[in-house]
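> Give the three-dimensional model of this entry:
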Amino acid sequence: MPRVGSGPPHEAGYDSRFAEEALAAWETDNFDLILMDLEMPEMDRIETTVLIRRMERLSGAHTPIVALTAHAMAGERERCFAAGMDGFATKPVRSSDLLGEIQRLAIVASDVGSSRAKIRSVGGTA
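Down below sits the predicted model:
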């Protein structure tokens, strides 16, 4: 598994793409995780998450999504989880916090038999 680094995801060995490109790639590839940067202007990340979850209901798959946001306001975490996200990390992202979320989600995935091999970052840098 690639390590979690302090730079942009692609510098740590992760596949990092932006918005529409990432969503199109998600439809054809299998990924362990999506890092959803909520501050990027290209697409509404909440709606993108809802769209992914809707498509997953048809396929039976589930890719964990971790929200990345600089807005740690009351209710933001709950809004992300209500949209179908599985984790939440605030920016600036501390490697230990992000790694903790990834490990927590990896344990959950292993409990349900996930065997994917890639991690996807959507829209920005961690």
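> Can you tell me the SS state at F88?
Classification of F88 by DSSP: H, G, I helix; E, B strand; the rest coil places it in strand.
> Next, count neighbours for it.
For F88, the count of nearby residues is 21 (other CB atoms under 10 Å). No exception for glycine: its C-beta is placed from N, CA and C like everyone else's.
> Bridged to it, which residues?
Judged by DSSP bridges, the bridge partners of F88 are A67.
> for the protein, what helix or strand is lowest in average pLDDT?
In the chain, no helix or strand scores lower on mean pLDDT, DSSP states H and E than strand 119-122, which sits at a mean of 48.
> hang on, I65 packs against M85?
Yes. Counting by CB atoms under 8 Å, I65 does reach M85; the two are 4.5 Å apart.
> Common neighbours of the two, please.
Listed as contacting both I65 and M85 by CB atoms under 8 Å, 6 or more residues apart in numbering are 36, 49.
> Can you tell me which helices and strands the longest helix seen in the chain packs against?
Secondary structure assigned by DSSP state H gives helix 95-111 as the longest helix of the chain. If you count contacts as 3 or more CB pairs under 8 Å, 6 or more residues apart in numbering; DSSP states H and E, helix 95-111 packs onto strand 33-37, strand 65-69, strand 87-90.
> closest to E78 out of those strands?
Ranking the helices and strands packed on helix 95-111 by proximity to E78 (CB to CB) places strand 87-90 first, at 9.4 Å.
> Can you give me the buried ones in the closest one?
Residues 87-89 are the ones in strand 87-90 that count as buried (16 or more other CB atoms under 10 Å).
> Check what contacts it and list those residues.
Among residues not part of strand 87-90, those counted as contacts by CB under 8 Å, 6+ apart are 64-70, 72, 76-77, 80-81, 97-98, 101-102, 104-105.
> what residue ranges in the protein score low on pLDDT?
For the chain, residues meeting the criterion pLDDT under 70 lie at 1-20, 41-42, 108-126.
> again, only this time at 80
Along the chain, the model assigns pLDDT under 80 to residues 1-26, 29-32, 39-43, 71-72, 106-126.
> Check the gap between R53 and L99 for me.
Distance of R53 to L99, given as CB to CB, to the nearest Å: 25 Å.
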